[in-house]
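A.B. asks: return a 3D structure for these sequence lines:
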Amino acid sequence: MASVLILNGPNLNLLGTRQPEVYGSTTLADIEAMCLAHGEAIDLKVSFAQSNHEGALVDAIHAARGAHDGIILNAGAYTHTSIALMDAIASVELPAIELHLSNVHAREDFRHVSYIAKACVGIICGFGAQGYVLAMDAMKAKVSG
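C.D. replies: The predicted structure follows:
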């Protein structure tokens, strides 16, 4: 069975209460439960991690090598600032999907720039919590064929 790491960055632990007008009312625990159920439905093993610390995210990406077949990464604000995350994704040689709850291209100009996109196979943004399911389907297709 293929395995994917769903990695969430800074402030995503506050989902459900943080700017619900932008990010919705779904909590990170709700998203994890939704992903576990969808993983069972599509025969994809799912693991989760979240950190507000850039180095911990880099460590989680490194640890995914040999343990998972792909990474789904919602790096939050680090998307727009972190060369370290881009380098980590490129270094582990696993397919990665960049994910955002909001449509970052409809927001502030600084959110239009992604450092990590250069190391990812694709980007999903603007679909709220459903974006995680879309990313899982895309990753399943990528690692299965």
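A.B. asks: tell me the first helix or strand C-terminal of the worst-scoring helix or strand of the chain on mean pLDDT.
C.D. replies: Least confident helix or strand of the chain, by mean pLDDT, DSSP states H and E, is helix 20-23 with a mean of 68. Of the helices and strands lying after helix 20-23 in sequence (DSSP states H and E), the nearest is helix 28-42.
A.B. asks: and the next helix or strand after that next one with helix 28-42, angle?
C.D. replies: Sequence-wise, the next helix or strand beyond helix 28-42 is strand 44-50, with elements assigned using DSSP H and E. Calculated by axes from the mean of the first three to the mean of the last three Cα atoms, to 10 degrees, strand 44-50 forms an angle of 160 degrees with helix 28-42.
A.B. asks: can you give me the neighbour number for the closest residue to residue 126 other than its chain neighbours?
C.D. replies: If the residues on either side of it in the chain are set aside, residue 126 comes closest to residue 103, at 3.2 Å by Cβ to Cβ, 6 or more residues apart in numbering. For the C-beta atoms, the positions are set from N, CA and C on the backbone; glycine is no exception. For residue 103, the number of neighbouring residues by other Cβ atoms under 10 Å comes to 12.
A.B. asks: where does residue 103 fall, phi/psi-wise?
C.D. replies: phi -80, psi 100 (degrees, to the nearest 10).
A.B. asks: surely it meets residue 123?
C.D. replies: No. The pair residue 103 / residue 123 is not scored as a contact, 10.8 Å apart, by Cβ atoms under 8 Å.
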